[in-house]
Every structure is written in structure tokens, then in C-alpha cells.
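K.L.:
Below are the sequence and a predicted model for it; my questions follow.
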Amino acid sequence: MIDRITDTPNHQTSKPTDTVDLVPVQLDFLEKLTVTSADPTSDSAHPLPELPQENRSWGKTALVLGAVLLIGILGYFSIRNLSAKSGGKEKVSKTQKITPVMVAPVTRRTIPIQLQAIGTIQPGVTVAVTPQVGGRINGVYFKKGQDIKKGQLLFTIDEQPQSAAIQQIQGTLQKGGAQVQQTRATFDKDTGLIAQAQTTLEKDLQAVEQAKATLDKDTGLIVQAKATRDRDLGLIQQAKAVLLKDQAQSRFTVAQNQRYSNLYKQGAVSQDQAQQYLSNSQVSTATIQADIEAIKNAEATVRGDEAAIKNAEAVVRGDLAAIKNAEAVVKGDRVAIENAKAVVRGDQAAIQSAQAGISSDQGSLRNAQIQMAYTKIYAPIDGRAGNILVQVGNVVQPTSNNPLVNIVQIHPIQVSFAVPSNSLLEIQRQMSNGKLPVGIKLSPSDTQSISGQLSFVNNTVDNTTGTVQLIGDFDNTDGRLWPGQYVNATLTLNEIPNAIVVPAQAVQNGPNGQFVFVVKPDQTVENIPVVATSAVDGLNVIEKGLQPGDQVVTDGQANLVAGAQVKLKEAGDNGGNPASDKRRRSATGKSPDATAPATPTGDSPSSSPDRANGNKGAVPGEKRGKRRSANLLDQPASPTAGGNP
């Protein structure tokens, strides 16, 4: 009997032969049987005979054992009958049940790698137009909300105060110009005095040089006179030497004359000889006299030479005095030149001061002209004007914090959004290859996105949110984007070419990971584990597990187990299962035709461990009781397994 229970075939799922399926069984009839057996008033009761008093304890024990044995026998046969009936019904039900499903083919597509976030539209440039001069508003030349072009006249302010200031500064500027001309004339005159003083200096320098030349000449004359004197002194010495020689010769001739005169008187010599020696004596005497006269003449010449030397020295002293006078004149000329240069420097300072005054006046004039230009306020950018906050006749001040109007640039415009900081490195890597495209949608129902380019990545990460701010630029030529709008922003980082994709609702989650049901040619389904890497526009990218052309179940997975028979249904066809429609309508609030695909979670029926394992399903019972076997309590229940609840 036990072997028959263990080997009872399970027609719902394929299981190993050594596995025993424990199923919940209603035991209401056992409870009734127990009550009936214990109730002595029941018609079908069989009361036991009372035992003697001494055997009462043994009688009670026998009564309990008999009741337990009876209950066990009845329960065993009841369970056997119910199991046989249940297996038969299950076999019939399993054989006849074909689950309607919707399928989709596995395809290849180029899938973009994207980051999505909620963004805010902001103007590229916002300008608060404020006055730069004070005064009364004379005119407003645009309307609130009007498209403004750069350089367009917006406001005019009373310009009379600025006009009067310009006239005053122009008069001061003319006065300063006349002063500069006068100072330049004085400068030119003093410059001429410097040139004249330099000419006089050059002339006096020439006089000094000439006096020095005369001094050199007169000094040469002194040297020459001294040389003549020295020569004449030599002649005197020479004459004196001749005189001495002549005197010695004279004494000899006189002695000879006396000796021969005596000899003549004595008759020792002739008269001619005596007369000859007398002549020689007279000649010697005359020679001595001539020598004496020559010495006197030479001494007179020396005295003349000394007088000439003294005269020449006097001339030299005069020349030295003339040189000193000339140098003094030159010094005076140089002092005059320095004085003239000081006067010229003063003239130059006066000219510079006058020119500085003119420059200051010109700056004041330029400032007044700028202030005059500020009375006309032009649009600094292209954009759209906001509310006009002043009217004609209002007096405005440049120190006021209130703008006259705000202009925002909407062509182009920007979208600011934040992405998780863990995507920053990938964004920076992709930006190194070029600008990244950004697409936005104003609402989820938009089929076409507006294209732009990523232009800014913030230099800090927001620590409170763990995100980094990005900004994309958009041309906004049609003006659909408006500052302050919320949009759905999508940043495309890269693309996966020829990626294998399936509808997102086809991928189910189980305890062993993700899986899909693939419809085989024999119209049965197979549980295939897959690895889904990303989801884009309702499609999941499958890294491994599927091949293009496979047919995957996209609707009806809740009623499937591996090997189940299926039939294909069209959109809106519930396969004749009102309970399924009722469950779907109660879960989504929509009819089955309008049910949107959604990625199931781990709590969904398709995520039960039985289906995740591919070939293990829960054995259904005709009616669930309050009691379940231990191994079923450890697994999540599948409310739709094996049929409709």
C-alpha cells in the first residue's frame, strides 16, 4: 500500500522517480469519523461493554488502543481513496489544460546606453535690466512678454542733467587747452635761452683754449730766453777764459819786450828784433782790452736776456689770469644753462600738469558721455521680456535693487538634471571622445524626444544626494521649451550594436536569478535562465541565454511551468479564463487589453522557486486545506499553480 502511494504518477510536472510529492488533503471526514466514533449517542456508534471494576484500568487502555487502531485503519483507506481520486482528476485536468500566452520574438537591435533623470529647463542667460543712471523714465519701447533682439531700445531716461554736465566739462576742457598752449610758448622761449647760453659757453670755452695756447707760447718764450741767457753766460765764461789766456800771453810778451829792449840797449839784438817784441807786447795789450770789452758786452747781453725772461714771465702771469677769467666766465655760462634748464623743467611740469588737467577733463567728458549713453537702455541679449516693472514718469536710481525688466534667453536654452555620482567616470570617459547627446521629453506620452548636447558637468558631487549636476544645451528653435518646466532627460553614453533584446515583461525573477519562458516548436515552454544587463524603452538587453528568433512568453507566465502546453493568443484575448481577467483587472485597475507590461518582482507568482528551477512545480489540489506539509511551508505559495483558484 505504501509503495502505491509513493509511485502514484504526477501528471502535472516531471519529477524524479525517487521524489515523493506531499499534497494537502482535506481531513474533514476524519474529524467527522473521530466524532462519530467517540459519540455514544450516534446511530452508527458501537459502544464497548463495560468491564469489571478491577479490570477498569485495563479496559480503558484497551478502549483507547482499539479506537486508535480503528481510526488509523479508516484513515488509511480514506487517504488512499482520496489520493487515487485526486491523481485521476489531476491527470485529466493536466491533460486537458492548455495555457493561452502572448509571445514575442527575440531580436537584435542597436541599443543605446542611457542615463535617465528628471530635469529642469533653465534659461542659458538671465539678465536683470537695471538703470546705470538716475532720472525719470521718458519712454518704454517694448511690451511685456515680447521677444527681444540684442541691441533693441527698451527704455529712455531724461538726459538733460547729463547734457548740462557735458557742456560744463567741454568749457573746462577748452580752458585747459589754452593753458597748455601758453605753457608751451613759455617752454619754447626758455628752451631758446638754453640754446643761447650754450652758444656763449662754447665761445668762452674757445677763449679759454686760446688763452691756454697763448700761455703755452709765452711759456716757450721764457724757456727760449732762458736758453739765450745760458748761452750768453757761456760766452762770458768763454771771454773770461780768453782774457786770462791773453793776459798770460801779454805778460809773456811784455817780459820778452823788456828783455829784448834791454838787450837792444845792450846791443845784443837788433832794433828790428826789439821792435818786433814791442809790437807783440802792444798787440797783447790791445787783445786784453778787446777781451775785456767783449766780456762787458756779453754781460750786458745776459742782463738783456734776464730782462726778457722777466717780461716773458709777466706775460705768462697775464695769460694765467686771462685763463682764470675765461674759466670763470665758462662757469657762469654753465650756471646760466642749469638755471635755464631748471626753468625749462618747470615749464615741462607746467605743461604736464596742464595736460593732466586736460586728460582729467577728457575723462570727465567721456564719463559724462557714457552717462548720457546710459539714458538709453538697450537689450544686452536676445531673449524674451518678462513683466515691465516701471512705467513712463517713474524716477529710477542706479542704486536700486529692483530691475526694470528681466530678460531670459530661450534660444538656445538649457536643461539641468542630476545623475548618480557612480556614473561620473563613464560620462567623463565618453566626453573625451566628443560631445554626448541629450534627449528630453516634455511628457511620458511624447513619442519623439528633443535633441541637445551635454555642455557642462559640475565640478562637485552633491553629498546630500550622491548625484552630480549636468547641463545640456538645446536650440529650442520652435520655442517649446520654457524655463521652469520639468522634463524627462536622457543622456546617451554609448551604443551596443546588434544586442539581443526581448520585451521587458518577458524577463522573470526567481531565487536562482532571471529567466524567461521560451516556446518550443511543439508548443511547450522551456524555462531558460538569462542574464539581462540593461533595460531601454521597454526592452531588456540579454547578455546570454537566448538567440535571435526564439519566441519568449510576454504574458501568461503566471500560469506556466516548464513543459506546459501553450497556445498563442492575440492582444486582448484572455484565453477563456475569466478568473485571470478578474485577477489582472483587480491588480492593475485596467482591462486585460490595456494591461501595460511590467517587470515582475521576486514576490510575483512567476518568481516562485518551483518555476525558477524550470522543472519543479507545485502539485495542485482540488481544494486547499488549512494544513500543508513541511516542505511546502518553506516555499512561497503559487496561487495559480495547476489551475484557477
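P.N.:
Received the coordinates, thanks.

K.L.:
ok, which stretches of the stretch 401-550 of the chain are strands?
P.N.:
Ranges of strands within the stretch 401-550 of the chain are 405-408, 413-420, 437-441, 450-462, 467-474, 486-503, 508-510, 513-519, 525-529, 531-536, 539-544, based on DSSP state E, counting those that start in this stretch.

K.L.:
Now tell me which of those strands the model trusts least on average.
P.N.:
Across those, strand 531-536 has the smallest mean pLDDT, namely a mean of 84.

K.L.:
which strands and helices sit next to that strand?
P.N.:
Judged by 3 or more Cβ pairs under 8 Å, 6 or more residues apart in numbering; DSSP states H and E, the packing partners of strand 531-536 are strand 107-123, strand 513-519, strand 539-544. From N, CA and C alone the C-beta is placed, and that goes for glycine too.

K.L.:
how about 6 Å then?
P.N.:
strand 539-544 (3 or more Cβ pairs under 6 Å, 6 or more residues apart in numbering; DSSP states H and E).

K.L.:
on that earlier part again, can I get the strands of the stretch 401-550 of the chain in a markdown table including distance to Y76 and mean neighbour count?
P.N.:
Shown next, in a markdown table, are the strands of the stretch 401-550 of the chain (distance: least, Cβ to Cβ, whole Å; neighbours: other Cβ atoms under 10 Å):
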| stretch | distance to Y76 | mean neighbour count |
| --- | --- | --- |
| strand 405-408 | 87 | 21 |
| strand 413-420 | 63 | 20 |
| strand 437-441 | 68 | 20 |
| strand 450-462 | 71 | 15 |
| strand 467-474 | 67 | 21 |
| strand 486-503 | 51 | 18 |
| strand 508-510 | 38 | 22 |
| strand 513-519 | 40 | 22 |
| strand 525-529 | 37 | 19 |
| strand 531-536 | 50 | 16 |
| strand 539-544 | 51 | 18 |
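
K.L.:
got TSV for those strands, with distance to K143 too?
P.N.:
Shown next, in TSV, are the strands of the stretch 401-550 of the chain (distance: least, Cβ to Cβ, whole Å):
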stretch	distance to K143
strand 405-408	11
strand 413-420	22
strand 437-441	30
strand 450-462	28
strand 467-474	26
strand 486-503	28
strand 508-510	59
strand 513-519	60
strand 525-529	66
strand 531-536	46
strand 539-544	49
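
K.L.:
of all these, which lies closest to G145?
P.N.:
Each of the strands of the stretch 401-550 of the chain has some distance to G145 by Cβ to Cβ; the shortest is strand 405-408, at 10.4 Å.

K.L.:
How far off centre is stretch 314-331?
P.N.:
81 Å (Cα atoms, centre = their mean, to the nearest Å).

K.L.:
Could you do stretch 401-417 as well?
P.N.:
Centre-to-centre, stretch 401-417 and its host chain are 23 Å apart (Cα atoms, centre = their mean).

K.L.:
Same check on stretch 214-228?
P.N.:
Stretch 214-228 sits 92 Å away from the centroid of its parent chain (Cα atoms, centre = their mean).

K.L.:
What residues of it count as buried?
P.N.:
Buried residues in stretch 214-228, defined by neighbour count with 16 or more other Cβ atoms under 10 Å: 214-215, 218-219, 221-222, 225-226, 228.

K.L.:
just stretch 383-399 next, same as before
P.N.:
Neighbour counts over stretch 383-399 (16+ other Cβ under 10 Å) mark 383-386, 388, 390, 396 as buried.

K.L.:
who wins for proximity to R259 among the strands of the stretch 401-550 of the chain?
P.N.:
Distance to R259, taken as Cβ to Cβ, is lowest for strand 450-462 among those, at 147.7 Å.

K.L.:
partners of the closest one in the sheet?
P.N.:
Sheet pairing of strand 450-462 (DSSP bridges) gives strand 437-441 (antiparallel), strand 467-474 (antiparallel).

K.L.:
and those strands as CSV, adding distance to L153?
P.N.:
Converted to CSV, those look like this (distance: least, Cβ to Cβ, whole Å):
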stretch, distance to L153
strand 437-441, 35
strand 467-474, 29
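
K.L.:
was I right about I98 contacting K569?
P.N.:
No. Here I98 lies out of contact with K569, judged by Cβ atoms under 6 Å, at a distance of 10.7 Å.

K.L.:
Looking at these two, which one has more neighbours?
P.N.:
In terms of neighbours (other Cβ atoms under 10 Å), K569 is the more surrounded of I98 and K569; the figures are 18 against 12.

K.L.:
Now the more buried one: phi and psi?
P.N.:
phi -130, psi 160 (degrees, to the nearest 10).

K.L.:
With adjacent residues omitted, what lies nearest to it?
P.N.:
P100 (4.2 Å; Cβ to Cβ, 6 or more residues apart in numbering).

K.L.:
quick one: the one you found is in a strand?
P.N.:
Yes. Under DSSP: H, G, I helix; E, B strand; the rest coil, P100 sits within a strand.

K.L.:
what's around it, how many residues?
P.N.:
By other Cβ under 10 Å, the residues close to P100 number 18.

K.L.:
try A290
P.N.:
Neighbours around A290, by other Cβ under 10 Å: 14.

K.L.:
Do you have the helices of the chain handy? List them.
P.N.:
In the chain, the helices defined using DSSP state H lie at 2-6, 28-38, 56-96, 160-265, 271-373, 424-431, 578-588, 609-612, 630-633.

K.L.:
relative to helix 160-265, how tilted is the fifth one?
P.N.:
Inter-element angle recorded for helix 271-373 and helix 160-265: 180 degrees (by axes from the mean of the first three to the mean of the last three Cα atoms, to 10 degrees).

K.L.:
Show me what helix 271-373 is packed up against.
P.N.:
When contacts are defined as 3+ Cβ pairs under 6 Å, 6+ apart, helix 271-373 sits against helix 160-265.

K.L.:
picking that back up, hey, which of the helices of the chain is tucked in deepest?
P.N.:
Here the criterion is mean neighbour count by mean count of other Cβ atoms under 10 Å, and of the helices of the chain the winner is helix 609-612, at a mean of 20.

K.L.:
Can you tell me the centre-most residue of the protein?
P.N.:
The centre of the chain sits closest to N459, judged by Cα atoms, centre = their mean, with a distance of 8.1 Å.
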